[in-house]
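J.: Need a 3D model of the sequence below.
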Amino acid sequence: MKSQGVRRVSGLSVGRWPTRLRAWATRHAAGSNIRAWLLGTLLLCAGGCAFAQAAPATVRMDAQAVADGIWFVQGESAMGSAANQNFISNAAFIITPEGVVVIDALGSPPLAERLLELIRERTRAPLRWVIVTHCHADHIYGLQVMKAAGARIVAHAGCREYLAGDTARLRLQASREELFPWVDEATHLVTPDQWIGEPGAAADLVLDVGGRRLRVGHAGPAHTPEDLVVFDEKSGVLFTGDIVFRGRVPFVGQADSRRWIEALERMLQWQPRILVPGHGPLSHHPSEDLALTRDYLQFLRQAMGQAARDLEPFDEAYARTDWSRFAALPLFAAANRMNAYNTYLLMEHEGE
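T.: Residues are numbered from 1 along each chain as shown. Okay, here's the model as predicted:
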């Protein structure tokens, strides 16, 4: 007799699977590689228990050459979703004779596994360091893979409170729902091995690895309180994390935009030759891209600051503002209104 409520997806009965996996499989089981993963997972873990392995990443990820010994991968210009597997941020790696330095770890363990494969295609040198530019989910959910591969993880001490608090825990809990199966029950937060900027310690770090001198500096509070940037003195490559969103509207969130602008001004003075942003394509004209992010933040502060001083309601201020300079940028529709509102609140607070 046919059981009630049991559906079949690509020949597999899904009626008794956990709700989250059942819903995901119904939507995505067309791909043969996904079917193979589903079947393998079921064989490993019957009866609806917690699943032991995440689905392999299927989004396209290519390592692009930046300079001698340096590569980066570029995420999509989109908000994180199960459809894009949370591949929305950039990561980079530097290969030296003494080992590999990775900058950021992407937004899921499967993405980090794919990044590690790209590294192994180019070198068998050991994975030495991972530098975390900041502790947003799309940059840190792959850390567990890098840690397991032997890397020592470095971050700013400003991450410590976030990683230990409810905000990170709740964000991961939501990601397990929204980004399943790429982020799942096995995905966990990783505590860095070394903190920069603890009380009484140096705010910056210099790594000498295989003939490369990497300056790891605290540039925050900017996009986040804990922002780190990395400057490779040999090549003149600057890795900015999310202090620079190239070719798209940045995510401002609760950022201190005044100090973010100050950080951008300092980096303009360094005159880097190449810039690897946290989001968007590589830049061979760093001053232009640093200036674009700076100009957007300055415009937000000017427009929303004037509205706050005049006690003009936000909706009216937003409607009358001429956004034409930035309206064609990717994610303008998704992010700009939120950015403007948060800046409006910030400017109200600054004016008190």
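
J.: Outline the domain layout of the chain.
T.: 8-44, 64-292, 297-350 (automatic domain parsing).

J.: Distance from the longest one to the middle of the chain?
T.: The one in question is domain 64-292. Remark: domain 64-292 is offset 7 Å from the chain centroid, using Cα atoms, centre = their mean, to the nearest Å.

J.: Numbering from 181 from now on, please.
T.: Shifting the count to begin at 181 puts that one at domain 244-472.

J.: mind listing the strands for this protein?
T.: In the chain, the strands defined using DSSP state E lie at 188-189, 192-193, 244-247, 250-253, 271-276, 279-283, 307-311, 332-336, 374-376, 385-389, 392-398, 408-412, 417-425, 454-459.

J.: Just put the domains of the chain in CSV and tack on mean neighbour count, mean pLDDT and distance to residue 235.
T.: Heads up, the C-betas are built off the backbone N, CA and C, glycines and all. Shown next, in CSV, are the domains of the chain (neighbours: other Cβ atoms under 10 Å; pLDDT from 0 to 100; distance: least, Cβ to Cβ, whole Å):
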stretch, mean neighbour count, mean pLDDT, distance to residue 235
domain 188-224, 14, 46, 5
domain 244-472, 20, 94, 4
domain 477-530, 16, 95, 26
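
J.: And these: which comes nearest residue 237?
T.: domain 244-472 (3.9 Å; Cβ to Cβ).

J.: Look up the closest residue to residue 442, ignoring the ones flanking it.
T.: Leaving aside its chain neighbours, residue 442 sits nearest to residue 402 (7.9 Å; criterion: Cβ to Cβ, 6 or more residues apart in numbering).

J.: Surely the one you found is in contact with residue 435?
T.: Yes: the criterion here is Cβ atoms under 8 Å, and residue 402 meets it with residue 435 at 6.6 Å.

J.: about what we covered before: now the residue nearest to residue 442: how far from residue 316?
T.: 13 Å (Cβ to Cβ, to the nearest Å).

J.: ok, the residue nearest to residue 471 when sequence neighbours are not counted - contacts?
T.: Excluding its sequence neighbours, the residue lying closest to residue 471 (Cβ to Cβ, 6+ apart) is residue 448, at 7.1 Å. Applying Cβ atoms under 8 Å, 6 or more residues apart in numbering, we find residue 448 in contact with 467, 470, 471, 474.

J.: list the contacts for the second one?
T.: Pointing back at residue 470 there. 420, 424, 444, 447, 448, 455.

J.: and which of these is nearest residue 531?
T.: residue 444 (22.8 Å).

J.: Pull the contacting residues for the residue nearest to the closest one when sequence neighbours are not counted.
T.: Among residues not flanking residue 444 along the chain, residue 474 sits closest, at 4.3 Å (Cβ to Cβ, 6+ apart). Residues in contact with residue 474 (Cβ under 8 Å, 6+ apart) are 441, 444, 445, 448.

J.: Residue 354 now?
T.: Residue 354 neighbours (Cβ under 8 Å, 6+ apart): none.

J.: Check the gap between it and residue 449 for me.
T.: 39 Å.

J.: could you give the angle of the helix ranked longest in the chain to strand 454-459?
T.: Determined from DSSP state H, the single longest helix within the chain is helix 466-489. With axes from the mean of the first three to the mean of the last three Cα atoms, to 10 degrees as the basis, helix 466-489 and strand 454-459 are set at 40 degrees to each other.

J.: quick one: helix 466-489 to chain centroid distance?
T.: Offset of helix 466-489 from its chain centre (Cα atoms, centre = their mean): 22 Å.

J.: Run the angle between it and strand 417-425 for me.
T.: Using the same axes, to 10 degrees, helix 466-489 lies at 30 degrees relative to strand 417-425.

J.: Alpha carbons of helix 466-489, in CSV - could you do that?
T.: This file holds the C-alpha atoms of helix 466-489, laid out as CSV (Å, rounded to 0.1, in the frame of the first residue of the first chain):
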residue,chain,number,x,y,z
PRO,A,466,43.1,51.5,-6.6
SER,A,467,42.7,55.2,-6.1
GLU,A,468,39.6,55.4,-8.2
ASP,A,469,37.9,52.5,-6.3
LEU,A,470,38.9,53.7,-2.9
ALA,A,471,37.5,57.1,-3.9
LEU,A,472,34.2,55.7,-5.2
THR,A,473,33.5,54.0,-1.9
ARG,A,474,34.6,57.1,0.0
ASP,A,475,32.4,59.3,-2.2
TYR,A,476,29.3,57.1,-1.7
LEU,A,477,29.7,57.2,2.1
GLN,A,478,30.3,61.0,2.1
PHE,A,479,27.2,61.4,0.0
LEU,A,480,25.1,59.3,2.4
ARG,A,481,26.4,61.4,5.3
GLN,A,482,25.8,64.7,3.6
ALA,A,483,22.2,63.9,2.4
MET,A,484,21.0,62.1,5.5
GLY,A,485,22.9,64.4,7.9
GLN,A,486,21.1,67.5,6.4
ALA,A,487,17.8,65.7,6.8
ALA,A,488,18.5,64.8,10.4
ARG,A,489,19.5,68.3,11.3
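
J.: Tell me which of the strands of the chain lies nearest to residue 368.
T.: strand 332-336 (13.4 Å).

J.: Sheet-wise, list the partners of the closest one with their directions.
T.: strand 307-311 (parallel), strand 374-376 (parallel) (DSSP bridges).

J.: Please consider this matter closed, and thank you.
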